[in-house]
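1. dropping a prediction and its sequence here:
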Amino acid sequence: MKRVLEGSHAVAEAVRLAKAQVISAYPITPQTHIVEILSEYCSSGKMNARFLRVESEHSALAALIGAQSSGVRTFTATSSQGLALMHELLHWAAGARLPIVMAEVNRALGPGWNIWTDQTDSLAQRDTGWIQLYCEDSQEVLDTTLQAYRLAEEVNLPVMVVLDAFFLSHTYEPVDIPDEKDVDRFLPPFTPKFQLDTANPCSFGQLVTPAFYMEMRYDIDRAMDMAIARFGDIEEEYHRLFKRRYGAVEAVQCDDADIIFVTSGTVTSTCRLVLKALRDRGEKVGILKVKLFRPSPSEEISRALGTAKKVAVIDRNCSFGAGGIFAQEVRAALCNLPGHPLVYGYIAGIGGRDVTPQLLEEIYWKTKNSDFPEKDRIWMGIQEVSHGTQRS
Amino acid sequence: MRQKALQNFVPLFMPRSYMSTEVNKTGSWRFLRPRYDEKTAPCSAACPAGEDIARIEMLATQGLFKEAWETILRENPFPAVCGRVCFHPCEGVCNRGEFDAPIAIHALERFLAETALRYDLKPDLERNPERKERIAVVGAGPAGLSAACFLNRLGYSCDVFEASPEPGGILRWGIPEYRLPLSALRSEIARIEGEGVRIVTDRRIPADFVDRAGGQYDAVFIGCGYGRTTMLRIPGEESSGVEDGLEFLNRVRKGIAPQLDGLSAVIGGGNTAVDVARSILRLGGKAVILYRRRRRDMPAFQEEVEMALEEGVELRELLAPAAIAKDRRGLLITLRPMKVIGEDESGRGRVEPAGGRIEEFRARRVFKATGAEAAEDWLNPPSRKRNVIFFDNGVLVNRTKGPAVVYGGDLTNETKSVTHAVASGKAAAIALDALFREGFAAVRSRLKSCAVGNGKSLSMEIYMGGERRLRNPHVVGFEEINTDYFHFAPRLTQPKLMKEERLGTFKEIDLKISANLAIREAERCFNCGICNRCDNCYLFCPDLAVIREKDAAGRIVNYEYCKGCGLCVVECPRNAMTLEEEER
């Protein structure tokens, strides 16, 4: 059934269809719409789930760690400072191998206080052991959330479904909501591989000596590798049922492209328009949309980009002092490839600033007209500002 | 097949154990040791009768009204009286006062006494085995009746002798009915009699009683109170129309006081002066209190002064009577204005004549209420030191021949209040029991050993070996209360007769409160220092080392697993636990 939905509500519909049993969250813009509607579903009985109100995001995730350990399906959503506050427990959830699913609405971190989109919050959590999936539109948000449960539960790792603030979370689009029976076929009730059980008491997460700890970390890393393959299988099955697939990466007209944009999130949609305009003018340009950030689909990236001359990575984030985080990932994926393309890193749209077709075209021409990347990162659209920080 | 199995394999090596964590005896890590350590609430240490108030309020919140009432009775046989007339020093030191407002302890005491009366409850109190010694008590006022009541519980046979036709002393003949209705007093005295105390009324004891009592009694308690108003020592004091305040109150209680009209002057600043003035209003007259110091220096209870003024009594401060003259138009009082020249240690103003103009004041009648003294000299305790023990609220004379004598009540008490009289009776009972059982040398240390919180108040429960003896004498301070666990809540508003209803009648002013109100008020109590089984310790212990006993009567720390983190002690809202360094 098609409905016009806000991106936030697309997440909520997916969580409802996934039949999550415990939801815990703390409100933060721009995530709040997601849990707002879910709390209504819980109280009205539309969902048979417990909604736990807590006093912080730290507690929200802690509550889910407890709930998930008892073998139920769980959900939370957060943004920015909220995600930062969860940091300790992000590690715990992954280390405890709990398939928790979270919607993470990208929002800039303060100060300056800013509620608009920026990927630095989620990318800063890349080493916590969470699978991260970046979405382009509301349909993808809904589909990815359903897939996230399958993926998380198969490899026993938590999954973050990431969407841009406002451009996606608060924008209404037509969304096809799958039939509940079909979803049940795709996503049957959760069967935990381990759980807290009073009939068979055991404890989780206790002290581990150097003799064993490393193997546990090795298994998380192996499970991450496994997730890449599993994600493909899951998408395959999803496609059979619902006729939609996205891929860990999506290569758009990359085969004959000289210059390829690397994008993630909603910027991709804008870039698709630019691509069409440039192709019409005879420019050989392609797009590589990266959906799966962790585990890193480096093989897919190097395969798609390998034949191009230049790569222009658009980063709506910054690792200060090192540049865009996707650019670093792309460089890492390509570095061992003989004769690999040049990697141009562009930082754009930070803190919710619009990334317009004009800006992307400017990036294209900048890339085409320079023989070699002048810097490892170029900040796009920087204005002259007054640096009068001292008061006279 | 093998491929499929491999494909389904998820690397999932993770910390998981099916072994009980009980093998890990975390108690061995401990260097601090928490323990249950009930302490002393400031109210109970401030109560002259040493009532276990924190526990009384705890029992009240649980609806255990009989047990709460019995807990009062262990220390004070007069809850219906003291709930009304005590000046409740307990409330002045209540830790809750630093949070929002003190607990209305007196109102709860009265409520419990009334509940017991309403349901005709009989207390089940501990009694010691019978002893052979017999004791005579002179004066059936609050001190004498308390002494007899406590001695009776300690196993002694007691006879109380009272000169007037009915027991009660000042409670019966001095305190007006609007503060203490007769039914409340009579029910308490009936209960004391019911416990086995004999009261003989209309029997005035002669001065040679003690010397002649030898064969019959082993000890005599003398608690006749201050029955005579002190002289003003000014000219005209004997004029007709100048009356004794105490005698006036006595006539009011007998119901033989006449209707009064016109203006009466009351000289004095104590409770008697205020009672006289308010009784005058109720008999149709007008009253002016003349006091030589300031209002704030009056020994009368402030609440009583306030209500008197509210009812229409006039107060004139810093005026000392110099002479009274009678003429055709009535009495003319010459008043000398006074001035404050400093304060004594208690903050009471010291005054001297201000000089200047002398004031004249005309009144129909004058009531003297400047203070009282023993009615006869032999009632006063001796001043010698040999074979005599002076303790708080009493004097014990161990005569080599004849019965031992204890002087108590107003005759010995620095503060002349009903509750101090009860305290005096209790101290006398303990002193005599210690004397008979262990000898004169043991009396002082015995009295000391049952002090509440190392203060002046004594506990009969502690003396009789009750559980209260296990309490730490440390008095819990406000800073030791974990106020995170308490909400602001308004103090009980005592329902009262309207001002208009009070005049022209001696009906009791303070009305009854419901059980709902009483429980709500009792719930405000911090229960300083005592465990009310809130189970914070149990809930917060990260090692499940707090064990609830099956009958839920107590909590135990399992030291095999307690690692001494101290959470239980910090989260105890009422300081009923202590954290100490582990002995090595």
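-> That came through fine.
2. tell me the contacts of the residue in the stretch 1-150 of chain A positioned nearest to chain B?
-> At 5.2 Å from chain B, A:Arg97 is the closest residue in the stretch 1-150 of chain A, using C-beta to the nearest C-beta. For the C-beta atoms, the positions are set from N, CA and C on the backbone; glycine is no exception. By C-beta atoms under 8 Å, 6 or more residues apart in numbering or on different chains, the contact list for A:Arg97 reads A:Asn156, A:Leu157, A:Ile220, A:Ala223, B:Leu12, B:Met14.
3. for it, which non-adjacent residue is spatially closest?
-> Among residues not flanking A:Arg97 along the chain, A:Asn156 sits closest, at 4.1 Å (C-beta to C-beta, 6 or more residues apart in numbering or on different chains).
4. so where do the strands sit in the stretch 351-500 of chain B?
-> B:359-363, B:365-368, B:372-373, B:388-391, B:394-397, B:404-408 (DSSP state E, counting those that start in this stretch).
5. elements contacting the shortest one?
-> Yep, that's strand B:372-373 we're talking about. Judged by 3 or more C-beta pairs under 8 Å, 6 or more residues apart in numbering or on different chains; DSSP states H and E, strand B:372-373 is in contact with strand B:228-229.
6. and the next helix or strand past the strand it packs on?
-> Remark: after strand B:228-229, the chain's next helix or strand is strand B:242-244, criterion DSSP states H and E.
7. sorry, back to before: got the strands of the stretch 351-500 of chain B as TSV, with mean pLDDT and mean neighbour count columns?
-> Formatted as TSV, the strands of the stretch 351-500 of chain B follow (pLDDT from 0 to 100; neighbours: other C-beta atoms under 10 Å in any protein chain shown):
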stretch	mean pLDDT	mean neighbour count
strand B:359-363	91	16
strand B:365-368	94	25
strand B:372-373	88	20
strand B:388-391	93	17
strand B:394-397	94	25
strand B:404-408	95	28
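8. residue contacts, the nearest residue to B:Asn271 once chain neighbours are set aside?
-> Nearest non-adjacent residue to B:Asn271, counting by C-beta to C-beta, 6+ apart: B:Ala300, 4.7 Å away. B:Ala300 sits next to B:Gly269, B:Gly270, B:Asn271, B:Ala273, B:Val274 when contact means C-beta under 8 Å, 6+ apart.
9. farthest-separated two in the residues you listed?
-> Farthest apart among the contacts of B:Ala300 by C-beta to C-beta are B:Gly269 and B:Asn271. That separation is 9.3 Å.
10. need the residues touching each of the two.
-> Contacts common to B:Gly269 and B:Asn271, judged by C-beta under 8 Å, 6+ apart, are B:Pro299, B:Ala300.
11. adjacent strands (with direction) for the longest strand anywhere in chain B?
-> Longest strand in chain B, counting residues (DSSP state E): strand B:330-343. As defined by DSSP bridges, the strand partners of strand B:330-343 come to strand B:319-327 (antiparallel), strand B:349-353 (antiparallel), strand B:359-363 (antiparallel).
12. and the closest residue to B:Lys426 other than its chain neighbours, how far is that from chain A?
-> Among residues not flanking B:Lys426 along the chain, B:Phe150 sits closest, at 5.2 Å (C-beta to C-beta, 6+ apart). As defined by C-beta to the nearest C-beta, to the nearest Å, B:Phe150 lies at a distance of 54 Å from chain A.
13. B:Phe150: neighbour count?
-> 28 (other C-beta atoms under 10 Å in any protein chain shown).
14. and the pLDDT at it?
-> In this model, B:Phe150 is scored at 98, pLDDT.
15. now it: phi and psi?
-> Per-residue torsions, B:Phe150: phi -70, psi -40 (degrees, to the nearest 10).
16. in the stretch 1-150 of chain B, which segments are predicted with low confidence?
-> B:1-8 (pLDDT under 70).
17. would you map the strands across it?
-> B:16-17, B:32-36, B:134-138.
18. list the contacts of the residue in the stretch 151-300 of chain B that chain A sits nearest to.
-> Nearest residue of the stretch 151-300 of chain B to chain A, counting by C-beta to the nearest C-beta: B:Arg296, 49.1 Å away. Neighbouring residues of B:Arg296 by C-beta under 8 Å, 6+ apart: B:Gly349.
19. my guess is B:Ile56 contacts B:Glu70, does it?
-> No. Contact criterion C-beta atoms under 8 Å: B:Ile56 and B:Glu70 do not qualify, at 9.5 Å.
20. and the two? Which one has more around it.
-> Legend: neighbour count by other C-beta under 10 Å for B:Ile56 and B:Glu70, higher for B:Ile56 (29 against 20).
21. so what's B:Arg365 up against?
-> By C-beta under 8 Å, 6+ apart, B:Arg365 lies in contact with B:Gly241, B:Val242, B:Glu243, B:Leu260, B:Gly262, B:Ser264, B:Ala265, B:Gly285, B:Leu331.
22. let's see it at 7 Å
-> B:Gly241, B:Glu243, B:Ser264, B:Leu331 (C-beta atoms under 7 Å, 6 or more residues apart in numbering or on different chains).
23. and the angle from the longest helix out of those in chain B to strand B:404-408?
-> The longest helix of chain B (DSSP state H) is helix B:418-438. Calculated by axes from the mean of the first three to the mean of the last three C-alpha atoms, to 10 degrees, helix B:418-438 forms an angle of 160 degrees with strand B:404-408.
24. who are the packing partners of helix B:418-438?
-> Secondary-structure packing of helix B:418-438 (3 or more C-beta pairs under 7 Å, 6 or more residues apart in numbering or on different chains; DSSP states H and E): helix B:79-85, helix B:142-153, strand B:394-397, strand B:404-408, helix B:443-449.
25. so how far is the longest one off the chain centroid?
-> Okay, so that is helix B:142-153. 15 Å (C-alpha atoms, centre = their mean, to the nearest Å).
26. and the contacts of it?
-> Helix B:142-153 has contacts (C-beta under 7 Å, 6+ apart) with B:77-78, B:125, B:127-128, B:135, B:137-138, B:158, B:160, B:167, B:169, B:171, B:189, B:192, B:195-197, B:221, B:223, B:408-409, B:418, B:421-422, B:424-426, B:428-429, B:432, B:460.
27. switch to 6 Å and redo it
-> Residues outside helix B:142-153 that contact it (C-beta atoms under 6 Å, 6 or more residues apart in numbering or on different chains): B:77, B:127, B:135, B:137, B:158, B:160, B:171, B:192, B:195-197, B:221, B:223, B:408-409, B:418, B:421-422, B:424-426, B:428-429, B:460.
28. what of the third one?
-> Among residues not part of strand B:394-397, those counted as contacts by C-beta under 6 Å, 6+ apart are B:Pro381, B:Val388, B:Ile389, B:Val405, B:Val406, B:Tyr407, B:Gly408, B:Thr412, B:Ser424, B:Ala427, B:Ala428, B:Ala431.
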